[in-house]
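Participant: Generate coordinates for the sequence data below:
(chains A and B)
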Amino acid sequence: MSEKKAYMIFNWMTVGLIATIFGYAMFYESAHFGLSCPYSAKGIPCPTCGLTRSFKQMLLLNYEGAVEFNATGVKIFLFLAAALLTRFLCNFLISKKDSFSKRLLFLDIALNGILFIWAFGDLWLYIIR
Amino acid sequence: MEVQVETHGDGNRKIFGIISLILAIFSLFFSLIPCVGFYAFIPAFIALVFGLISFVMGKKHEEKVAIPLIAMVIAGFAIALSVYQYFRFQEVYEVVDEFNEAIEEGIKNALDSAIQDSTIIRYDSIPADSTPVEPNQ
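Facilitator: Predicted coordinates:
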């Protein structure tokens, strides 16, 4: 298997996984399956409580509602949405080329790495504290 | 002209590596979520196993093993983070339980002393010339 094909498979699998996360956020209520937070059950404030509801509000294009549920959720949602779009874009760009572009790969890693630090920075700080 | 011969096993090795990398990346995301982060141990462990299989098979056939190697490093990091989350979670739970127990004990002591005080007041407030009354009557 060539590097180009491996990269394209990686992108399609990632698309599938992100789509599953968004699908879960959209339909978890009707499926009667939700993750309960053990911290909030004990009365401890948790920075990720309301994450799924925040994702759902973002999918319904209700930004204010999403921020109300969880502001970090908005950042993580935007990171996942950007990752989803870059997967499609990278696959489109790489399909146009005959050989595998390492420059594109590094650009992809750098962009998503920066977005990852931006989206998960608050959680990092919470864990370190 | 160079002809590349692709065997079925080669594809499987790479697929293992790719699955391992995806699982490792998503385990890392999952392990950062405080309340359910310790569940990330399961996919991270699977990623580590898949990565190891791909790495060993790749080395055996003298191929590039960058993907499984990166996947194993990320999976290892996710495992470490999920284990940390588990101990932190346990610690928080223990502290909360101790706190709740202390509050319960405090309330119990306060109630006991209040009952005792009220009994003393009751005895004190009895007129000297009246017949004694037993408590809890």
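Participant: which outside residues touch the helix or strand of chain A with the lowest mean pLDDT?
Facilitator: Every helix and strand of chain A was ranked by mean pLDDT, DSSP states H and E. The lowest is helix A:38-41, at a mean of 74. With contacts defined as C-beta atoms under 8 Å, 6 or more residues apart in numbering or on different chains, helix A:38-41 is touched by A:45, A:46, A:49, B:34, B:35, B:89, B:92, B:93. Where C-beta positions appear, they are placed from N, C-alpha and C, glycine not excepted.
Participant: Apart from its neighbours in sequence, what residue is nearest the first one?
Facilitator: In space, not counting the residues next to it along the chain, residue A:45 is nearest to residue A:39; the distance is 7.6 Å by C-beta to C-beta, 6 or more residues apart in numbering or on different chains.
Participant: likewise the fifth one?
Facilitator: Setting aside the residues directly before and after it, residue B:35 is nearest to residue A:37 in space (C-beta to C-beta, 6+ apart), at 4.3 Å.
Participant: hmm, back to that, what's the neighbour count on the residue nearest to residue A:45?
Facilitator: 19 (other C-beta atoms under 10 Å in any protein chain shown).
Participant: what does chain A have sitting close to chain B?
Facilitator: A:1-2, A:6, A:9-10, A:13-14, A:17, A:35, A:37-40, A:42-44, A:46-49, A:51, A:120, A:123-124, A:126-127 (C-beta under 8 Å from any C-beta of the partner chain).
Participant: Repeat the analysis, applying 7 Å as the threshold.
Facilitator: A:1, A:6, A:9-10, A:13-14, A:17, A:35, A:37-39, A:42, A:44, A:46-48, A:120, A:123-124, A:126-127 (C-beta under 7 Å from any C-beta of the partner chain).
Participant: Mind checking which of those residues are in helices?
Facilitator: A:6, A:9-10, A:13-14, A:17, A:38-39, A:120, A:123-124, A:126-127 (DSSP state H).
Participant: Going through those residues, which ones are buried?
Facilitator: Among these, those scoring as buried are A:6, A:9, A:10, A:13, A:14, A:17, A:38, A:39, A:120, A:123, A:127 (criterion: 16 or more other C-beta atoms under 10 Å in any protein chain shown).
Participant: do you know how far the residue nearest to residue A:45 is from residue A:67?
Facilitator: 21 Å (C-beta to C-beta, to the nearest Å).
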